Each structure stands twice: as structure tokens, then as C-alpha cells.
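J.: Here you go, sequence then predicted model.
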Amino acid sequence: MASYSTATPLRVIAHIDLDAFYAQCEMVRLGVPGDVPLAVQQWQSLIAVNYPARTFGVTRRTTITEARKLCPQLVAQHVATWREGDDKWAYRSDAAANIARDKVSLDPYRLESRKILAVMKEVLPPAPLQRIEKAGIDEVFVDLSAHVHHILLARFPELSPTPGTDPSEGLPPPPVTALDWHSDCLVPLDEAEEVEDPDWDDVALSIGADIVRDIRARVWEKLHYTCSGGISHNKVLSKLGSAHNKPNKQTIIRRRAVTSFLAPIKFTKMRNLGGKLGDQVASEFDTEEINGLLSVPLANLSARLGQETGLWVYNTIRGIDHSEVNSRTKIKSMLSAKSFRPAINTREQAERWIKIFAADIFSRLVEEGILENRRRPKSVNLHLKHNSRTRSRQTSIPPGKSLDQASLVELGNTLLTQIMSEGEVWPCFHLSMNINGIEDGVTGNMGIGGFLMRGNDAPGSKESSTVLRSDQAASSDSKVQANIDGGADNSERKRRRSGSERIDQFLGMTSVPSKTSHGDQYRDERRKCYATSGNEAHGIHPTILEAKLDLGRTKCLPIPEASRDLKGHSGRNRLSGEGPALTSDHRCPNRFSQTAADEKDRPALFTCGRCNTSFADPTDLQSHNDWHIALALQEREAQVEERVRSAFAGRLGGDLGQLSSAKSGRRLASGPTTSSSTQSSRRGGGRGTKPRLEPGQKRLNFG
């Protein structure tokens, strides 16, 4: 039950259906009392009739003229319509007389359906104890199995499995108490079966009935809509149960009562048997009664209807259904259509209706959240019926392009052009546009502006501006030094903010710096000294003073011996490709230099693992290690260049040797040559020495 298995005998499925939904929507909107007969009109027909009007013999097949004769006090409300040039549907008093210009809109009923569904979800617990399938605008299936299972374990602790319990072991007998079905319509059993004690499946259905009763009561309390319910162990039976005792009641079909419940029902009233398939079965076996089909063997059903369809019909008429309740409450497609009486005959007329279709569909997309990118369709279709032939074309909606009403109109007109290119399309009796593949959009993405900061929002900008304001009276040199120090402080904060992902972890450090190092304490003490020495009175900011002290250090750190062996390489900088190379004469930057007094006062807590130089500030140590890395990269690049040069020289020498040997062979064939001639050929002619002419050659004078 907890996993929504379709095979468990304790399964609980409910079907909740609104009573004369369209009529109720108009009664609530207009404030019509519940005992007043009302019908919803579409042109000259009725599409919904409330129960007071049905007592006068008015049905949905009745024309408006006949209905007024049967019930003179009937309230006939025409549905809302779209009209060319409007941005929204509206209720119009002249809608029935403008069938050629208006298009029906069911949007008011869709909006109310969403409200009702939201109230139902409020009553039920959250997922995974909630599973709702929207079967139509006015009906839903609810799988209550997991919810009922949760309640069963709370009410009957003896059902909770204990460690080591055999899963195939039967359940303990339920308590011998009469179940309270309240005022629900309970399908009766035979007298012999009715006196039997209830089983656990009866207890589960009783709990499910309580839940459905609460849902119906909440919908009436909040929205003033009545609905009927059916509770059983599958979708087929629960749907039949909701229609069994309308309006505003619910029916429970126990497993033992299935046969007696289905006996008087026509199978054409069953789910998925009311259309062409039901007509085919009735034609094949000359009956619409379930009792008339129960005697037909499975082999005969399969032979006439096909193996798969025959098996499905065989199980369905016996109340056997293992279909799941799919958690589907969102629509996947939208349709806007119009049948023309009389037909339209020009492209201009079709384009006007495409504009109305686009406005209709886009208004519904707005309700689905397309403006917030919560949902978005994938494709658009256009269907056109010419005489008895229907033509259609489809195109995809560009995913990276914003979708609005004008875009839908443009896509619809493009499809119309494609349809017209295929052949004759006029006169047109039916035109429709629909969108498909509506899916949840991508939300939560952040534009590039979200990664940037403006003005003073950037870290460190306020501090930098404070330094500049406080140093307006200082010299330009002091301003430059303040900016340098501010940049160093920002760099230091950025490095500390990066956490453990510092470059230090790849280097050999003898100790790991903490967030509050002695170097910071040392700098704070120096700034305290600045404050007590009266520097502030002279307009010198402590940050500027710190920069001056750092730049004033003159003693350089020693250069490791490993970095001194660089004199044999060219003078180009190996890192940048130009400028002087880093040699032993290029000392470390002033940022890490120290005065003797600083060395004496500053505690040495951080030591370079390569040259054993000590530092009190971890930032200084990191900059020093960066300098080591630069030297190592320069040395490695020089070694690679030397290997390439050597390899190239060896290969060039070998090629020249082969060329010389070939020439020598030719000379041996023509006659002996001197060693000087051979040497000259091997050297490619040499420089400053005139090569001897070969037989048949002469020297050219180039002026």
C-alpha cells in the first residue's frame, strides 16, 4: 500500500466528480440559489444543466427553444466568448446571435477547476502520501493507498511489521466491530455476506471514505461547489461509483459487492467503453448489458476484438483493473478551434481567426506561468478542414526566443502559408490551433549581472574610498602608496577568503598560517604606535604609513643556491618571453625585504621549506614561494630549450652528412677530388672560401 502497488488487495482508489460543473460555476458567479433551474448555453444548444432544471425534463441534448418551453423560469447563461480585437474573453448578451464572429471560451471554468484542485490538495497530506490524477476539467482520481496505510498503522499498531516477520504471513484478524459508513451509499451484499465480519479491505475502504468526505466538505466550505465521490479498489469501479448516486453523495463499492453492483449497468457506461470500442463490442455481440457479456468466453472475445483488447474487455466487465493513478495535474497541450457555418473563403478571414486563437492560447499560457518561464510549449500545430479533407502542419517553437501573442500569430500564419501551398483549402469549414509539449521551464538561472557588483557594493571599495578621502592633503606619492597598500590588503583578504584552496597547500611549508596570525598582531601594534606618536595630526593615514614602512625595507632575502645556476642561458626572460632574465642579481621584491630592526622585533613563525628563510606574515611567505616558483619555471624552460636545440642540431648534422655523402659519391663517379673540395661541400660552401667549380659549371657574375 505504501508504495502504491496495483496488486495489493487493500488498495483504495477514489474518484471525485463535480456535479453539473459548468452550471455550478455560473450559479456561483451569478449568485443563483441552489433550487433555481439553470442551464449553460452555447449558441443554440445546452452544454450543462443543473439538477433543478433536470426535473423539468431539460437535458443537454435539448435546444434552447425547447428548454424554455419545458421550463419557462429557466436561467440560460451563454458561455463567455472571444471576439476579434479583444484581449480577453467576456460574457456578452449578444453572443448567441454572433456565432459567425465569436468563439467560445471555457477559461472561466478552467480557472475554477484550478481553485478546486488546490483545495483538494490542502486536505490531503503532502507527497509521497498524495497522488492525484486530473482526469478532466471537473474530475480527479486520487490514490489513497499510502495515506490509508499510514492511518492503519497509527490506529492498529498490531499491523506494524516486526523484525524477522515473514512477508508472506497473513494479517491478524481485524477487530470485531461494525464499521460506521455514515450516510454513504454502500452497495448492498447478499444477506449471507452482509452478516460476515468485515475484513481489512473493508476497513481500508472505510478510512478512504472518511478522507473523501472531508475533501468534499472542504470544497463546499471554501468554494461552494458540490461534488460526488466513488471509493473502491480500482479506477473503473470508483468512477462508476461517483456517478451512481449523484448529486452531492458518495458510493462505496466493496470487493464482495462488485458482481451485484455491475450486473444492471451497461458496459457502454464504463470507462473507455463509451466510444467506438463500446459500439464495436455492442455490434459484435448484440448487447450493451454486462450480464450479456459475462457468458462470452475469453477466446471468443479475443478472436473478434484481438488478443489484447479482448483480454482488457474480459477483465473490465468483471471489475478488474490494474491501471495506476498517475500524478498528473498539469496540462500538456492547449487547443483553440472554430467551426464555421457558413464557411470562410479567404486567407484574410483565416488570419483574423488565427489572431483570436493566439490570444486565447496565450492568455491561458500566462495563467500557466509562461511570463515567469515556469512552463513553456515545444510546438504549435494548425489544422484546416476543406470539404471532407483535413490538412495540418506543425512547427517547433524556438527555445531561446521569448514567446508572446505576436509570436504565436506569426507561427500560425507561417503554417497557414505552408498548408495553402499544398493545394486547395477554400472553402474552410473548421480551423484550429493547438500547442503541444508544455513542460516546466528552467527557473533559478541568474544573468551575468548577478555575478557583478556595482559601485560601493564591491568588497574593499568603501575602505579604499575612505583612504582616498583622508589623504586629500597628502602628496601624490602618498596617494599612490595608499592605493598600493589598499590593493595588498584586498589581495590578502581574497586569499584568506578562499579557505583551504590556497596555493600554500602545494608548497613545502613548515607551519600552516591561521586566520589571526602573529603578523597581523605585529601590524596592529605598529598602527597603535602610529596612533600614539601623533602621526594622525599630520594627516598620515595608518594604511599609508604601513605602505611606506614596507617600501622602506632595504635588506633583501637571500637567494637560494638552486637559483644561481642561470648564467649559461640567454638573457631573455623565460616567463614573459622578453626583458632580462631572473638571475642572482635580481633580488626578491621589496614586499618581502626586512630591516634589521624588523627582523629583531617581528616573531619568525613561518619558514620557507626551500631556503629556510623565516617570515612573520604568511602573506609574505606565500609571495616568497611564488618567487621560487618563477625561478623554477624559468630554469625548467631553459632546460627544455637546451634539449630542443641539441636535438635539432644533431638531426641537422645528420641530414647534412647524408647530403655530403651523396655528393661525394657523385664526385667519385666523375673522378677524384681533393679533401678541401669535400670539406667545402660538406659545409655547404662555407663562408669566405670560394668553392671549386665542378666540371661543366661556370661562375656567374652578379655585379
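T.: Right, received. Where do you want to start? Please read these numbers as outputs of a predicted model, since none were measured by experiment. Numbering: from 1, shown residues only.
J.: Where does the record place the domain boundaries for this protein?
T.: 20-101, 264-324, 334-440 (the TED database).
J.: Turn those domains into a markdown table, including mean neighbour count.
T.: For glycine as for every other residue, the C-beta is placed from the backbone atoms N, C-alpha and C. Output for those, formatted as a markdown table (neighbours: other Cβ atoms under 10 Å):
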| stretch | mean neighbour count |
| --- | --- |
| domain 20-101 | 17 |
| domain 264-324 | 16 |
| domain 334-440 | 17 |
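J.: Now render those as JSON lines, adding distance to residue 211 and mean pLDDT.
T.: Supplementary listing: the domains of the chain in JSON lines, determined by distance: least, Cβ to Cβ, whole Å; pLDDT from 0 to 100:
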{"stretch": "domain 20-101", "distance to residue 211": "22", "mean pLDDT": "95"}
{"stretch": "domain 264-324", "distance to residue 211": "19", "mean pLDDT": "93"}
{"stretch": "domain 334-440", "distance to residue 211": "29", "mean pLDDT": "93"}
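J.: Out of these, which is closest to residue 219?
T.: domain 20-101 (10.7 Å; Cβ to Cβ).
J.: ends of that closest one, how far apart?
T.: 28 Å (Cα to Cα, to the nearest Å).
J.: OK, contacts around residue 1?
T.: Each residue near residue 1 by Cβ atoms under 8 Å, 6 or more residues apart in numbering is listed here: 8, 10, 11, 12, 145, 146, 148, 149, 152, 204.
J.: do that again at 6 Å, thanks
T.: 8, 10, 145, 149 (Cβ atoms under 6 Å, 6 or more residues apart in numbering).
J.: just curious, which of those residues is nearest to residue 395?
T.: residue 145 (42.9 Å).
J.: Which helix or which strand is home to residue 34?
T.: Taking DSSP states H and E as the definition, residue 34 sits outside all helices and strands.
J.: list the contacts for it?
T.: Contacts of residue 34 (Cβ under 6 Å, 6+ apart): none.
J.: Tell me where the stretch 251-400 of the chain has helices.
T.: Using DSSP state H, counting those that start in this stretch, the helices of the stretch 251-400 of the chain run over 258-262, 276-285, 290-294, 298-305, 307-316, 347-368.
J.: Now render those as CSV, adding distance to residue 122.
T.: Putting the helices of the stretch 251-400 of the chain into CSV (distance: least, Cβ to Cβ, whole Å) gives the following:
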stretch, distance to residue 122
helix 258-262, 32
helix 276-285, 37
helix 290-294, 38
helix 298-305, 43
helix 307-316, 34
helix 347-368, 20
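J.: To residue 439, which of those helices lies closest?
T.: helix 347-368 (10.7 Å).
J.: what's that closest one packed up against?
T.: strand 334-344, helix 405-420 (3 or more Cβ pairs under 6 Å, 6 or more residues apart in numbering; DSSP states H and E).
J.: tell me the angle the shortest one makes with helix 405-420.
T.: Which is strand 334-344. 50 degrees (axes from the mean of the first three to the mean of the last three Cα atoms, to 10 degrees).
J.: on that earlier part again, reformat the domains of the chain as CSV; add distance to residue 629.
T.: Shown next, in CSV, are those (distance: least, Cβ to Cβ, whole Å):
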stretch, distance to residue 629
domain 20-101, 67
domain 264-324, 63
domain 334-440, 44
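J.: Mind checking these for the one nearest to residue 196?
T.: domain 264-324 (19.4 Å).
J.: quick revisit: among the domains of the chain, which comes closest to residue 608?
T.: Among those, domain 334-440 comes nearest to residue 608, with 53.4 Å by Cβ to Cβ.
J.: returning to that earlier point: quick one, which of the helices of the stretch 251-400 of the chain gets closest to residue 48.
T.: Of the helices of the stretch 251-400 of the chain, nearest to residue 48 by Cβ to Cβ is helix 347-368, at 20.3 Å.
J.: Output the closest one as PDB, restricted to C-alpha atoms.
T.: Output of helix 347-368 as PDB, limited to C-alpha atoms (Å, rounded to 0.1, in the frame of the first residue of the first chain):
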ATOM      1  CA  ARG A 347      -6.900  34.000 -46.200                       C
ATOM      2  CA  GLU A 348      -7.800  37.300 -44.600                       C
ATOM      3  CA  GLN A 349     -10.600  35.600 -42.700                       C
ATOM      4  CA  ALA A 350      -8.400  32.800 -41.600                       C
ATOM      5  CA  GLU A 351      -5.700  35.200 -40.400                       C
ATOM      6  CA  ARG A 352      -8.300  37.000 -38.300                       C
ATOM      7  CA  TRP A 353      -9.200  33.800 -36.600                       C
ATOM      8  CA  ILE A 354      -5.600  32.900 -36.000                       C
ATOM      9  CA  LYS A 355      -5.200  36.100 -34.100                       C
ATOM     10  CA  ILE A 356      -8.100  35.100 -31.900                       C
ATOM     11  CA  PHE A 357      -6.700  31.600 -31.400                       C
ATOM     12  CA  ALA A 358      -3.300  33.100 -30.400                       C
ATOM     13  CA  ALA A 359      -4.900  35.500 -27.900                       C
ATOM     14  CA  ASP A 360      -6.900  32.600 -26.400                       C
ATOM     15  CA  ILE A 361      -4.000  30.300 -26.100                       C
ATOM     16  CA  PHE A 362      -1.500  32.900 -24.800                       C
ATOM     17  CA  SER A 363      -3.900  34.100 -22.100                       C
ATOM     18  CA  ARG A 364      -4.000  30.500 -20.800                       C
ATOM     19  CA  LEU A 365      -0.300  30.200 -21.100                       C
ATOM     20  CA  VAL A 366       0.000  33.300 -18.900                       C
ATOM     21  CA  GLU A 367      -2.100  31.600 -16.300                       C
ATOM     22  CA  GLU A 368       0.300  28.600 -16.600                       C
END
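J.: Okay, angle between it and helix 405-420 too, please.
T.: 140 degrees.
J.: Count the neighbours of residue 329 for me.
T.: When counting by other Cβ atoms under 10 Å, one arrives at 14 neighbours for residue 329.
J.: thought it was touching residue 135?
T.: No - if you go by Cβ atoms under 6 Å, residue 329 and residue 135 don't touch, sitting 10.3 Å apart.
J.: residues contacting residue 257?
T.: By Cβ under 6 Å, 6+ apart, the contact list for residue 257 reads 187, 189.
J.: I'd like the distance from it to residue 268, if you could.
T.: 22 Å (Cβ to Cβ, to the nearest Å).
J.: just residue 212 next, same as before
T.: 26 Å.
J.: Kindly report the same for residue 62.
T.: Where residue 268 is concerned, residue 62 sits at a distance of 22 Å (Cβ to Cβ).
J.: What pLDDT is listed against residue 529?
T.: pLDDT, residue 529: 44.
J.: Redo the contacts of residue 1 as JSON lines? Include pLDDT, neighbour count and secondary structure.
T.: Output for the contacts of residue 1, formatted as JSON lines (pLDDT from 0 to 100; neighbours: other Cβ atoms under 10 Å; DSSP: H, G, I helix; E, B strand; the rest coil):
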{"residue": "8", "pLDDT": "89", "neighbour count": "16", "secondary structure": "coil"}
{"residue": "10", "pLDDT": "93", "neighbour count": "20", "secondary structure": "coil"}
{"residue": "145", "pLDDT": "96", "neighbour count": "25", "secondary structure": "helix"}
{"residue": "149", "pLDDT": "93", "neighbour count": "22", "secondary structure": "helix"}
